[in-house]
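**Student:** using only what follows, build the 3D model:
(chains A and B)
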2 protein chains.
Amino acid sequence: MKLVMAQINPLIGDLDGNTQKVLDSMEYARKVDAKIVLLPELTICGYPPEDLVFHDAFIDSMEQHIDQIVEASKGLGVFVGLARRNFDHGEKRLLNSAAVIYDGKLLGFQDKWLLPNYDVFNERRYFSSGTKTGIWEMFGTRIGCVICEDIWQHAGYVTDVRYARDPIDALVEHKPDLLVNLTASPYQYQKPHVRVKVCRKAAQTLKCPVMLCCQVGANDQIIFDGYSIAVDKEGNLRQLAKGFQEDLMVCDFSAKACPVPFEYNQEQDLFKALVLGVHDYCHKSGFKKACFGLSGGIDSTLVACIAKEALGAENVLGVCMPSRYSSEGSVKDAVALAKNLGIQHKVIEIEPVFAQYLDTLGPHFGEMEHDVTEENIQARIRGMILMALSNKFGDIVLSTGNKSELALGYCTLYGDMAGGLGVIADVKKTVVYDLCRWYNRKEEIIPQAIIDKPPSAELRHGQIDLDSLPDYGIVDAVLEGYVENYMPIDQIVEHYKIPKDVVRGLIRKIHAAEYKRRQGPPVLRISKKSFGVGRVYPIVQGWI
Amino acid sequence: MKLVMAQINPLIGDLDGNTQKVLDSMEYARKVDAKIVLLPELTICGYPPEDLVFHDAFIDSMEQHIDQIVEASKGLGVFVGLARRNFDHGEKRLLNSAAVIYDGKLLGFQDKWLLPNYDVFNERRYFSSGTKTGIWEMFGTRIGCVICEDIWQHAGYVTDVRYARDPIDALVEHKPDLLVNLTASPYQYQKPHVRVKVCRKAAQTLKCPVMLCCQVGANDQIIFDGYSIAVDKEGNLRQLAKGFQEDLMVCDFSAKACPVPFEYNQEQDLFKALVLGVHDYCHKSGFKKACFGLSGGIDSTLVACIAKEALGAENVLGVCMPSRYSSEGSVKDAVALAKNLGIQHKVIEIEPVFAQYLDTLGPHFGEMEHDVTEENIQARIRGMILMALSNKFGDIVLSTGNKSELALGYCTLYGDMAGGLGVIADVKKTVVYDLCRWYNRKEEIIPQAIIDKPPSAELRHGQIDLDSLPDYGIVDAVLEGYVENYMPIDQIVEHYKIPKDVVRGLIRKIHAAEYKRRQGPPVLRISKKSFGVGRVYPIVQGWI
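**Tutor:** Predicted coordinates:
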């Protein structure tokens, strides 16, 4: 018997559109003679719907859309995700469920037991835990059903939480022939490997194949990579859906087949994740075109490459905005890059506006020396010019700051931080270089001069980042240790061999810049811990 | 026997400073011959500590600070709040607890049972629920102890959550002589009244007095109003601590005394809440001085009044930044207000910079008509000038936008939205007027012309808000219905008598402006549902 894993890319809250994708996948199943259709977590509303679920009309409408699917289900079995009312006991008034549909009838609902409430997950805000499990019989096959997190603890991959119950253990006595899982699992380096291990463990415990259907696509800051998984009853990987795109994968879990290897290219996947993030943020919100400051530096270079792949070269505009402090190479390198990529570019000098600001503010500043004020004015003029172009022509402004700068506050609020999306704001500076080198792997699209020159904000004469900051290798090590892994200071000193005062100084900077980051654009999340969603620190605090 | 309710104002994460406040309150208790000291929830770290609790060193240090208090507790009983490790079962590795200290010994811990995870509360992210309760005996008195939310469900004031257990019911069999509650309860209109009712219900159930010790002060966006409560065993209000300031209230729960009335002035309390919010945000983060755009409009007028009370007139600078579109009255009214308040003011013309931007952008805009682009440029020049003054002189910039504008996106990102704190960003426009009239109750400090003129952004000739928006009475009704109370559209139409297409149009605007608000400054929260903390909506969505 064949099953379709419908790895779809939903638009949050677009109940009609998402339901249509379900109906299309059912149509496809009929065409390929598959009997069962499996969809991702919270299919009808997309994951995560956030506080939209607090509106009664939203929940009512989701239930009506399920009716539509039931009506269309003659001869098929369908597992489709939704948020629904909790009429039972439990803390919250909603449940995160799978509607189990079979041959024109709604058999019932399987509710999610394990509700993650850490990092980017906030499910205890909305949902009560399910309490029941069992078998859904379709076409003579006994199917167990769980939702996302439900499968993770069993394999030992939930480290900071100890759920009281385990849905996989609970299914053992029911002896399913197949386990299905509706999933929405955010992209993270190497995570597809872990998902395979998680499926393997469940397969081995339940002695049956496991099918894990993942959401794909980016919703605001969170990127879902897809890579839906089928493992056989020994836990061998049998099929893997495409990464970073929709896929209707036909699986025959009863057929004999060879295990498939899992191939993974770190840079390529990271690049694709960012491309998908930009594409979906723009297209799902109606933007076709994007612009950004193209400085000739490494960060805006990477953003240019990503934007080109996401939106098409003809829809991408790099704006060079040199000042009195810009090196000659900057504009030259930026223009060369734009030509190599085939994107549009403009040059707009900021000097006249800068001079006028200094004139206007002169009487108020008196004899005070130039300082960070004047540096910020330049960055803010650039931000304003981009926003003006955005307002006039309808381009979204992409913000080009990287994670290392954002960590230390080495960026200007309302200046280079301005924009609708922080494309590489979760990419550490050292990784920005890695990605640029990877992009150049076949030919020199990025002029080598851009990769070779020392990083500089060019906001005063001869400035380079190393004047104010330690080497980015050190910054990124502390970022990894402190922000991403909550390592104690002594452990960071020991592990990365960095002097304690340097570590302390960087951590102090990280906390001090909290107020800036709070007003930054949404951050495409690609690491364990981004500065966008999933990290909640006080701005005003006395700890560090 | 006397008890001190130590209603303190902690700085988040300042474990030393907060512990010193505990030690000071113990010293005070000795002086007034009180035996027991009661402190607010999470005393040592302040509420809410957010992700700081994920750092092991933070938890270790809190436990060490408790040791200090134990050492100093000879002859006293102390209930003090902290986050501590959970060595028992339960989902999370931490507990939100009260350390119960008596005469130089740590008797043990009482853990919080009911963990709110709605609105601004996110306690399931950090804590496991406590499972035990009982009696703490001190000086022959049998004391029950609960923490904040623990007392609320019992009185029926938790509406959207149904906790499985009730700590007040669980205490009945233990027959306490006194119930103490360590609380951190955010300010909200009329909430002190409700807190009294909540205490009354517990007193009546347990047939003993109830003492509820509240945190006071503002931490980032959340304002805590204080008003700690003592009710007798019949549930009559016996004592009420001061609102909006620290207070060491001595209670003699065994003495006979008359019930006290509860007096509440809505406008005065709201104004005090905002003053405290500004004061604490600035002072706790080291700012002494503030500046903001003083336009001669009603919003910046209210911010000027609040800032003066919070920081002192000499530390407040209103900056008038007229353009070619400013009415003559604007600067005149602004200057008159500044003089009446005794705050400083400056006039900085934006025309030369504006003209220079138009020159610079002219070749790129060609023959295109003036539109919102040019309006935003003006607002952004003002934002940049304020930020430049902030950078040069160290003032914090206060943002002056109100909740109604923020709801509809009638504001400019990086322009009037720029600033370190959104002082009135949770105050609806109609309430802005109420507060200004209240401020003028004794004399005309605010020139009447400011209150009387029609609201205008003055970004083009003859512009008034009514050109683009319905009357603010209507806007604010929809805000109250849809955002603050999640009312369905039909109910809003019915309840407020507003045509359906107007309601729909406003709701569409509210969702469309999500992306702007995400980059706005922190919002001092004073309503049931602010646009700052406690509201989580997707930016990109297809629901409305």
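
**Student:** could you look up the SS state of A:L3?
**Tutor:** strand (DSSP: H, G, I helix; E, B strand; the rest coil).

**Student:** ok, now which ones touch it?
**Tutor:** Counting by Cβ atoms under 8 Å, 6 or more residues apart in numbering or on different chains, A:L3 makes contact with A:A34, A:K35, A:I36, A:V37, A:L38, A:M211, A:V250, A:C251, A:D252, A:F253. Heads up, the C-betas are built off the backbone N, CA and C, glycines and all.

**Student:** okay, now the second one: neighbour count?
**Tutor:** Read it as A:K35. Counted with other Cβ atoms under 10 Å in any protein chain shown, residues neighbouring A:K35 total 18.

**Student:** same check on the third one?
**Tutor:** Counted by other Cβ under 10 Å, the residues lying close to A:I36 total 24.

**Student:** with A:R85 instead?
**Tutor:** When neighbours are counted by other Cβ under 10 Å, A:R85 registers 14.

**Student:** next: A:N485.
**Tutor:** Neighbours of A:N485 under the rule other Cβ under 10 Å: 13.

**Student:** quick one: secondary structure of the closest residue in space to it that isn't next to it in sequence?
**Tutor:** Excluding its sequence neighbours, the residue lying closest to A:N485 (Cβ to Cβ, 6 or more residues apart in numbering or on different chains) is A:K528, at 7.4 Å. Under three-state DSSP, A:K528 falls in the coil class.

**Student:** measure A:K528 to A:Q215 for me?
**Tutor:** Going from A:K528 to A:Q215 by Cβ to Cβ, to the nearest Å gives 19 Å.

**Student:** A:D232 too?
**Tutor:** Separation of A:D232 from A:Q215 (Cβ to Cβ): 23 Å.

**Student:** so between those two, which is more surrounded?
**Tutor:** Neighbour tally, A:D232 and A:Q215, criterion other Cβ under 10 Å: the higher count belongs to A:Q215, 28 against 20.

**Student:** can you give me the pLDDT of that one?
**Tutor:** The predicted structure scores A:Q215 at 98 on the pLDDT scale.

**Student:** my guess is A:T205 contacts A:H154. True?
**Tutor:** Yes - using Cβ atoms under 8 Å, A:T205 is in contact with A:H154, at 6.6 Å.

**Student:** A:K346 reaches A:V316, doesn't it?
**Tutor:** No - counting by Cβ under 8 Å, A:K346 sits too far from A:V316 to count as a contact (11.8 Å).

**Student:** those two: which has the busier surroundings?
**Tutor:** Using other Cβ under 10 Å as the criterion, A:K346 and A:V316 rank with A:V316 on top: 29 against 16.

**Student:** that one bridge partners, please.
**Tutor:** A:A290 (DSSP bridges).

**Student:** my guess is it meets A:L294, correct?
**Tutor:** No - when contacts are counted by Cβ under 8 Å, A:V316 is not listed as touching A:L294 (9.7 Å).

**Student:** mind listing the shared neighbours of these two?
**Tutor:** Residues touching both A:V316 and A:L294 by Cβ under 8 Å, 6+ apart: A:A304.

**Student:** hmm, back to that, measure the residue nearest to A:N485 to chain B for me?
**Tutor:** The spacing between A:K528 and chain B, counted by Cβ to the nearest Cβ, to the nearest Å, is 13 Å.

**Student:** okay, now that residue: neighbour count?
**Tutor:** 16.

**Student:** again with A:L469
**Tutor:** By the criterion of other Cβ under 10 Å, A:L469 has 18 neighbours.

**Student:** secondary structure class for it?
**Tutor:** Judged by three-state DSSP, the three-state class of A:L469 is coil.

**Student:** what does the residue sitting furthest away from the middle of chain A show for phi and psi?
**Tutor:** Distance from the C-alpha centroid of chain A peaks at A:E367, with 47.9 Å (Cα atoms, centre = their mean). In terms of degrees, to the nearest 10, the main-chain angles of A:E367 are phi -90, psi 10.

**Student:** show me the contacts for it.
**Tutor:** Taking Cβ under 8 Å, 6+ apart as the definition, A:E367 has no contacts.

**Student:** ok, and the closest non-adjacent residue to A:Q239?
**Tutor:** Once flanking residues are discounted, A:Q239 sits nearest to A:A230: 4.1 Å by Cβ to Cβ, 6+ apart.

**Student:** contacts only, for A:Q541.
**Tutor:** A:Q541 is in contact with A:H511, B:L11, B:I12, B:G13, B:D14, B:L52, counting by Cβ under 8 Å, 6+ apart.

**Student:** need those residues in JSON lines with neighbour count, can you?
**Tutor:** JSON lines is the format used below for the contacts of A:Q541 (neighbours: other Cβ atoms under 10 Å in any protein chain shown):
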{"residue": "A:H511", "neighbour count": "18"}
{"residue": "B:L11", "neighbour count": "23"}
{"residue": "B:I12", "neighbour count": "24"}
{"residue": "B:G13", "neighbour count": "27"}
{"residue": "B:D14", "neighbour count": "18"}
{"residue": "B:L52", "neighbour count": "23"}
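
**Student:** flag the shaky bits of chain A, pLDDT-wise.
**Tutor:** Applying pLDDT under 70 to chain A flags residues A:255-257.

**Student:** okay, now the domains of it?
**Tutor:** As assigned by automatic domain parsing, chain A contains the domains A:2-256, A:270-467+A:513-518.

**Student:** as TSV, these with distance to B:D150 would be great.
**Tutor:** Below are the domains of chain A laid out as TSV (distance: least, Cβ to Cβ, whole Å):
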stretch	distance to B:D150
domain A:2-256	14
domain A:270-467+A:513-518	31
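
**Student:** so the residue in the stretch 101-250 of chain A that chain B sits nearest to, which of the three states?
**Tutor:** For the stretch 101-250 of chain A, the residue positioned closest to chain B under Cβ to the nearest Cβ is A:R124, at a distance of 4.0 Å. On the three-state scheme (three-state DSSP), A:R124 is labelled helix.

**Student:** and for the one 10 residues further on?
**Tutor:** Classification of A:G134 by three-state DSSP places it in coil.

**Student:** neighbours of A:A418, just the number please.
**Tutor:** 29.

**Student:** follow-up on the earlier one: are any of the contacts of A:L3 buried, and if so which?
**Tutor:** The neighbour-count test (16 or more other Cβ atoms under 10 Å in any protein chain shown) marks A:A34, A:K35, A:I36, A:V37, A:L38, A:M211, A:C251, A:F253 as buried among the contacts of A:L3.

**Student:** isn't the second one right up against A:S73?
**Tutor:** No - in this structure, A:K35 is not within contact of A:S73 by Cβ under 8 Å, at 11.0 Å.

**Student:** is any residue of the strand or helix carrying A:I385 near chain B?
**Tutor:** Using DSSP states H and E, A:I385 maps to helix A:372-393. Yes - using Cβ under 8 Å from any Cβ of the partner chain, we find that helix A:372-393 touches chain B at A:372-373, A:376-377, A:380-381, A:383-385, A:387-389, A:391-392.
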